[in-house]
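S.K.: Predicted model follows, preceded by the sequence.
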Amino acid sequence: MLQRFKEYLQTKVTITDEQFGLITAHLRIKDFDKGEMILMKGEVSSHVYFVLEGLLRSYSIDSKGKTHIIQFAPEQWWLSERNGILFNEESEFFLDAVEATKAIVLPKDFIMESSKVVPCMADLNNTMLNNAIRFMQRRINMLLSATAEERYLNFIKLYPNLTLRVPQWMIASYLGITPESLSRVRKDLAHRNFLT
C-alpha cells in the first residue's frame, strides 16, 4: 500500500527509494469503516490523512442540525483539520469516512521532518498550501456568486468520479443548495445532454 504513496510522491518530487524508506519508516496505514468518525468537533487533531482507497469528508453541523460539507477527500487526496495541526486548537469540523477507507495516518510534522531528508518536500508543502488557498478562494466565490448549475458543473470537474459514490444530499450540502434544487439541476442538465 505504501507503494501507492510512493508513486504519488514521485509525481510531485524527486525522491529515491532510500529517501522514501526513511521518511515512511514509522507511518501507519489505517482502515476506517464506512461512517466511522475520525475526528469530532472540539477535539485537537494531530494527524493528516492521505487517502489510498475510499472517501473521507470534513463537515460542520450548524445550530439547527444542518450538515455543511467542506471537503471530500477521495483517493490521492490529503485531509486534515488545520486548527489542530497548525495552531493546536480545537477542531471546528468533523471528519469521517463516507466509504470504507484505507488511509495513511501522517503526523502533523511529516512534511517538515521529511524535508530534512528530501529538501524538495518543502516546495511540495508550499505548493499544496497555495493550492488549498486557491481552492478555498474559488469555493467561496462559487458559494457567493455562482448558480446552482454552475456549482454542480464545477463539482463534477473537481470530483469527476463522486456523483455515483455519494448520496445526492451530500452533494447538495457541499454545493450549499437543497436536494430539491440539485434534482432540478440534474434534470435540466440531463435534458440538455450535459450530464456525465
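M.R.: Happy to help now that I have it.
S.K.: From now on I want contacts and neighbour counts done on CA atoms only, so please keep to that.
M.R.: Will do.
S.K.: Quick check, pLDDT for the nearest residue in space to I61 that is not next to it in sequence.
M.R.: Nearest non-adjacent residue to I61, counting by CA to CA, 6 or more residues apart in numbering: T67, 4.5 Å away. Listed pLDDT for T67 reads 96.
S.K.: before we move on, what about the one 10 residues further on?
M.R.: Taken from the predicted model, the pLDDT recorded for W77 is 97.
S.K.: same thing with F194?
M.R.: 56.
S.K.: T178 against A172, yeah?
M.R.: Yes. If you go by CA atoms under 8 Å, T178 and A172 touch, sitting 5.7 Å apart.
S.K.: Look at these two and report which has more neighbours.
M.R.: Each of T178 and A172 has its neighbours counted (other CA atoms under 10 Å); A172 has more, 21 against 16.
S.K.: Can you give me the buried ones in the longest helix seen in the chain?
M.R.: The longest helix of the chain (DSSP state H) is helix 121-145. Residues of helix 121-145 classed as buried: M121, A122, L124, R139, M142, L143 (neighbour count, 16 or more other CA atoms under 10 Å).
S.K.: unless I'm mixing things up, the second one is touching D109, no?
M.R.: Read it as A122. No. Taking contacts as CA under 8 Å, A122 lies outside contact range of D109: 11.5 Å.
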